[in-house]
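Visitor: give me a model of this one.
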Amino acid sequence: MSPRLLVLLLTALLGLAGCQEDTPETLAAQKAIAIESGEECHLCGMIISNYPGPKGQLYERGDTRTHKFCSTRDMFAFLLDPEHKHNIQSAFVHDMAVSHWDHPDEETYIDARTAWYVVGSSKKGAMGPTLASFSDEKTAKAFMKMNGGDLYTFDQLNLDLLSQMGF
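Guide: Reported below is the predicted structural model:
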């Protein structure tokens, strides 16, 4: 095999390998970032900062661009969709234990996979019902006692549950 052909073959193989794995640089870049005024929801196109309640952000594998959502409900509608579910690398939600409902603080994002969620509360987000997200179970239960709803972990959430939330 010629040296030139060998170099081309190795370059192609390295390129394919890079498509399958996230690099340390890609993973380090995947963190929640501030939602700027005028930014639109990745799912519905609404202006994110115009609405109350927790917001969400996620990254797809191998991508350094964040997808931002006007509500946790919209984020989970995208994340749980079978077309996208396998490709989500990281996801973030506001910790409503330390953030004001009407204007969530951009410094209070937590890992969505470790959060606790209250579904069916009286509190509304963009487009109505949303998932109230919390970093700890105790605070989520206290919120639930005051505002109603049921408690879920990330792994318990599914599209059927979201569709039962109504609008």
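Visitor: ranges for the strands of the chain?
Guide: 56-60, 67-69, 88-94, 109-111, 116-125, 128-134, 150-153 (DSSP state E).
Visitor: report the contact partners of residue 137.
Guide: 116, 151 (CB atoms under 8 Å, 6 or more residues apart in numbering). C-betas here are computed from N, CA, C, even on glycine.
Visitor: per-residue pLDDT of it, please?
Guide: Residue 137 carries a pLDDT value of 98.
Visitor: for residue 24, same thing?
Guide: 49.
Visitor: kindly report the same for residue 31.
Guide: Reported pLDDT for residue 31: 85.
Visitor: show me the contacts for it.
Guide: Residue 31 neighbours (CB under 8 Å, 6+ apart): 90, 92.
Visitor: any weak-confidence spans in this protein?
Guide: 1-29, 167 (pLDDT under 70).
Visitor: at which residues are the helices of it located?
Guide: Per DSSP state H, the chain carries helices over the ranges 3-20, 24-29, 72-79, 82-85, 137-147, 159-164.
Visitor: what's the neighbour count on residue 136?
Guide: 14 (other CB atoms under 10 Å).
Visitor: mind starting the numbering at 206 from now?
Guide: Got it, the first residue is 206 from now on, which makes the last one we talked about residue 341.
Visitor: surely it meets residue 321?
Guide: Yes. In this structure, residue 341 is within contact of residue 321 by CB atoms under 8 Å, at 6.7 Å.
Visitor: quick check: neighbours shared by these two?
Guide: Between them, residue 341 and residue 321 share no contacting residue, judged by CB under 8 Å, 6+ apart.
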